[in-house]
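> Below are the sequence and a predicted model; questions follow.
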Amino acid sequence: MKCPYCGYENIEGADTCEECQQSLVELSKPRAVSSVDRTLHRERLSRLENTNPITVTPDKTVGECLKLLVEKSIGVVLVVEGDQLVGIFSERDALMRLNSESAEHFDKPVADFMTPNPETLTPESKLAFALHKMDVGGYRHIPTVDEEGHVHGIVSVRDVLGRITEDLVGAQDS
Amino acid sequence: MDIEFNLTNETVEQTGLKDPLIVAPDVSVCDVFELLKARRAGGLLVCEGERLVGIFTERDALRLMAAQASLDGPISEAMTRDPAKLAASATVADAVKMMSHGGYRTLPIVNSNGRPVGILSVKSLVHYLVQHFPQSVYNLSPQPNPAMEQREGA
């Protein structure tokens, strides 16, 4: 790591130059190398999220929720009690928890089959956070909530991929 | 590493495809449900011999469940016929575009003879992308907004 002020060769990651004591912090900052990188850092979820997520109460039946998912062509409903997010019920949950016994559970409350306390982000979170959580947890949807836990919106992997694709296509054309 | 270069040069085969789950058209829908659950998979391919004839995904399963349809029939009646597929030699960029535009989350990958060699899921695509931005994605602070509420020492 060469000091830009005096040219002294410092060890990698040094905070200040050993020779001239100038700060070298700027040199270690990650730099965006592509337009996608920049998007990941700058874009906030508030730009991408769907702010009208479909919500249900915990006592809604499984059958109604399944129909809702099909009718609205969505992958997930948010389960909300009062104004607090308590769970999420996705088509994945339907397949993994109801499976071939869905008919028997049709009239039971969705609260028994939802994923309780889902991972959430805030509308101000950066896109990189959403992508990371989706990768690590294997989620396809992440709800956004404000400081009081009120549901604000939902970000899907489709939105994220779509945004990244925009950048990639743009980069290819230019 | 240049992501744009990689996306347009790496083939979908290089993203680490999983071996596809394959069933015959006469397997019952109920058995398919159980199989998907046991393997924790979001979809599988229906093949007649080596020929791909259909795909059955979570979405198809959801429709059956919502309609309270009988699950005793063969999968060939519930699957999506002639699904969109991608050649193994296609680039990752092709896959991203196809998923983005078509709204697919599961793409069968076939080799030059039309034999299915893998399934590309949106999950593995996300993982592939993340691996190409290690600096941006892995270097995140544990909290999205690490602002101090008070001045240090105040």
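Yep, it's here. Remember, it's a predicted structure, so these values are computed and weren't measured experimentally.

> C-alpha only now, for contacts and for neighbours.
Fine.

> Who are the packing partners of the longest helix seen in chain A?
When chain A is parsed with DSSP state H, its longest helix is helix A:157-173. On a contact count with 3 or more C-alpha pairs under 8 Å, 6 or more residues apart in numbering or on different chains; DSSP states H and E, helix A:157-173 meets helix A:35-42, helix A:127-137, helix B:3-9, helix B:92-102.

> got those helices as JSON lines, with distance to A:Leu161, mean neighbour count and mean pLDDT columns?
Below are the helices and strands packed on helix A:157-173 laid out as JSON lines (distance: least, C-alpha to C-alpha, whole Å; neighbours: other C-alpha atoms under 10 Å in any protein chain shown; pLDDT from 0 to 100):
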{"stretch": "helix A:35-42", "distance to A:Leu161": "11", "mean neighbour count": "18", "mean pLDDT": "78"}
{"stretch": "helix A:127-137", "distance to A:Leu161": "9", "mean neighbour count": "21", "mean pLDDT": "89"}
{"stretch": "helix B:3-9", "distance to A:Leu161": "13", "mean neighbour count": "15", "mean pLDDT": "73"}
{"stretch": "helix B:92-102", "distance to A:Leu161": "7", "mean neighbour count": "19", "mean pLDDT": "84"}
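
> closest to B:Leu45 out of those?
Smallest distance to B:Leu45 across the helices and strands packed on helix A:157-173 (C-alpha to C-alpha): 17.1 Å, for helix B:92-102.

> Contacts only, for the residue nearest to the spatial centre of chain A.
By C-alpha atoms, centre = their mean, chain A has its centre lying nearest to A:Ala130, at 2.7 Å. Counting by C-alpha atoms under 8 Å, 6 or more residues apart in numbering or on different chains, A:Ala130 touches A:Leu121, A:Ile142.

> Look up how far A:Gly63 lies from it.
30 Å (C-alpha to C-alpha, to the nearest Å).

> for B:Pro108, same thing?
According to C-alpha to C-alpha, B:Pro108 and A:Gly63 sit 30 Å apart.

> more neighbours, the two?
Set B:Pro108 next to A:Gly63 and count neighbours by other C-alpha atoms under 10 Å in any protein chain shown: B:Pro108 wins out with 24 against 21.

> Now do the strands in chain A.
In chain A, the strands defined using DSSP state E lie at A:55-56, A:76-81, A:84-90, A:115-116, A:141-145, A:151-156.

> And for the fourth one, what's in contact with it?
Residues outside strand A:115-116 that contact it (C-alpha under 8 Å, 6+ apart) are A:Val86, A:Gly87, A:Ile88, A:Phe89, A:Asp93.

> would you turn those residues into CSV with pLDDT?
Output for the contacts of strand A:115-116, formatted as CSV (pLDDT from 0 to 100):
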residue, pLDDT
A:Val86, 92
A:Gly87, 93
A:Ile88, 94
A:Phe89, 94
A:Asp93, 90
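
> from these, which single one is nearest A:Ile74?
So of these, ranked by how close each gets to A:Ile74 (C-alpha to C-alpha), first place is A:Phe89, at 11.0 Å.

> pLDDT weak spots in the chain?
Picked chain A for this. Applying pLDDT under 70 to chain A picks out residues A:29-33, A:169-174.

> Wait, chain B was what I had in mind.
For chain B, the ranges with pLDDT under 70 are B:1-4, B:135, B:141-146, B:154.

> Near chain A, which residues of it? Just list them.
Within chain B, the positions near chain A by C-alpha under 8 Å from any C-alpha of the partner chain are B:2-4, B:30, B:33-34, B:36-37, B:40, B:42, B:58-59, B:61-63, B:65-68, B:71, B:96-97, B:100, B:103, B:123, B:126-127, B:130, B:133, B:135-138, B:140, B:144-145.
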